[in-house]
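# structure for this input, please:
(one chain, ligands or ions: 1)
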Amino acid sequence: MPFDQKREHTGKRHVYGPVSSRRLGQSLGVDLVPMKSCTWNCIYCQLGRTKNYVTERREFFPQEEILGEIVAVLESGVPVDWITLVGSGETMLYKGVDALIAEVKKHTAIPVAVITNGSLFHLREVRDELLDADAVLPSFNAGSPALFELIDRPAPGFTYERHLNGLVQFRKEYKGKLWVEVMLIKGLNDTEEALCDIAEALWLVAPDMVHLVLPTRPAPEQQVAVPDTDRIERAFEVLSSVAMVMHPVKGSMALEGAEDLLAAVSAIVSRHPLQERELLDALLSRFSGDRSAASGALDDLFASGRFERHTQAGEVYWISRQQGRQS
Ligand code: SF4
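Residues are numbered from 1 along each chain as shown. Okay, here's the model as predicted:
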């Protein structure tokens, strides 16, 4: 479970942020498990190696303590787009996630996301506890048992088949947004064969979206590296056959210096779907924060007829008109 959230400690034990997340806007992180309690020992884990696997679910911390911290942040009035349950390890090792989500929802209408490695989805109780989450983001880094063992290094008994079957079963039962994360690692799962295996397996899972992520943070193993650009683009292409893919590379939206705005945006959209809010942010930078100029430019771009709007999991994307829908 890679975290894409830069943690800024608030002085609280469980709650971090809100921090700006590419995928979840202003995300309030809620840590549910003690440091490095995990069923896996991923080679890319930014938390370091898993010294002792933890596979038994427990209420590691009293729910009231966690809830109290969440409510305190919400009452402070800071803007929050998502409340994100995430652990210093595997989130779903925390027993009672359903009760926590229910309590959070009594206090706020802000949606709740759960970042998890998905390794416990073979358990009915775990799948049931997630049914009221607004979005669930499980990991899926390999489409074969051998690569799964190499990348995720699971605890004994946590097999590839169990992981995949758990995800497939969860998809059948869960009606919220299922956004699968794929951590792309150079030379391991960025090869043609590995990408096709992942796509084939994800067809069975049928996620609402695939989030491609890169190992840009320090990893415990030396061999972990960010793939070359052409492999990232290829991964994007291959996985786009399964669902809409969120491209992992930020910064593609520097429009300040673009002489021909329409050509610049067309070039980006021809490569990958573009979040409308990301485009608007880039236009705001271009027009020095002038909201009406940015909105006007957005309308002009759309009026060119080159783009279509596509809504996926509540998010509006622009895609090329020729390209049509990808999922
Ligand atoms: S699932 Fe992998 S990346 Fe996530 S905490 Fe466990 S070892 Fe680290």
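
# which residue ranges of the stretch 101-250 of the chain form strands?
Secondary structure of the stretch 101-250 of the chain (DSSP state E, counting those that start in this stretch): strands at 112-116, 135-138, 177-183, 209-213, 244-246.

# could you dump these to JSON lines with mean neighbour count and mean pLDDT?
Using the backbone N, CA and C atoms, a C-beta is placed for each residue, glycine as well. Converted to JSON lines, the strands of the stretch 101-250 of the chain look like this (neighbours: other C-beta atoms under 10 Å; pLDDT from 0 to 100):
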{"stretch": "strand 112-116", "mean neighbour count": "26", "mean pLDDT": "97"}
{"stretch": "strand 135-138", "mean neighbour count": "26", "mean pLDDT": "97"}
{"stretch": "strand 177-183", "mean neighbour count": "24", "mean pLDDT": "96"}
{"stretch": "strand 209-213", "mean neighbour count": "22", "mean pLDDT": "93"}
{"stretch": "strand 244-246", "mean neighbour count": "23", "mean pLDDT": "87"}
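
# got these as a markdown table, with distance to Gly87 columns?
As requested, those are exported to a markdown table (distance: least, C-beta to C-beta, whole Å):
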| stretch | distance to Gly87 |
| --- | --- |
| strand 112-116 | 8 |
| strand 135-138 | 13 |
| strand 177-183 | 14 |
| strand 209-213 | 17 |
| strand 244-246 | 22 |
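
# look at the residue in the stretch 101-250 of the chain that the ligand sits nearest to and say how many residues are nearby.
Per C-beta to the nearest ligand atom, Asn117 is where the stretch 101-250 of the chain lies closest to the ligand, at 3.7 Å. For Asn117, the neighbour count with other C-beta atoms under 10 Å is 28.

# also the one 4 residues further on?
For Phe121, the tally of surrounding residues (other C-beta under 10 Å) stands at 26.

# that one contacts Pro138, correct?
Yes. The criterion here is C-beta atoms under 8 Å, and Phe121 meets it with Pro138 at 7.0 Å.

# next one, pLDDT for the residue of the chain positioned farthest from its centre please.
When each C-alpha in the chain is compared with the mean C-alpha position (C-alpha atoms, centre = their mean), Glu259 comes out farthest, at 33.2 Å. What the model reports for Glu259 is a pLDDT of 77.

# mind showing which ranges of the protein have poor pLDDT?
1-12, 20, 250-254, 256-257, 271-272, 312-315, 322-327 (pLDDT under 70).

# name the residues contacting each of Phe121 and Pro138.
Common contacts of Phe121 and Pro138 (C-beta atoms under 8 Å, 6 or more residues apart in numbering): 167, 170.

# near Asp134, how many other residues are there?
17.

# swap in the one 10 residues further on?
The criterion is other C-beta under 10 Å. On that basis, Ser144 has 16 neighbouring residues.

# again, but for Asn41
The burial count for Asn41: 19, using other C-beta under 10 Å.

# so which strand or helix has Asp281?
Element membership for Asp281 (DSSP states H and E) is helix 276-286.

# separation between Leu137 and Val182?
Distance from Leu137 to Val182, counting by C-beta to C-beta, to the nearest Å: 11 Å.

# what is in contact with those two at once?
Listed as contacting both Leu137 and Val182 by C-beta under 8 Å, 6+ apart are His211.

# circling back: mind listing what's buried along the helix holding Asp281?
For helix 276-286, the neighbour count (16 or more other C-beta atoms under 10 Å) marks 276, 278-280, 282-284, 286 as buried.

# and for stretch 209-226?
Neighbour counts over stretch 209-226 (16+ other C-beta under 10 Å) mark 209-215, 219, 224, 226 as buried.

# between the two ends of it, how far is it?
For stretch 209-226, the first-to-last residue distance is 21 Å (C-alpha to C-alpha, to the nearest Å).
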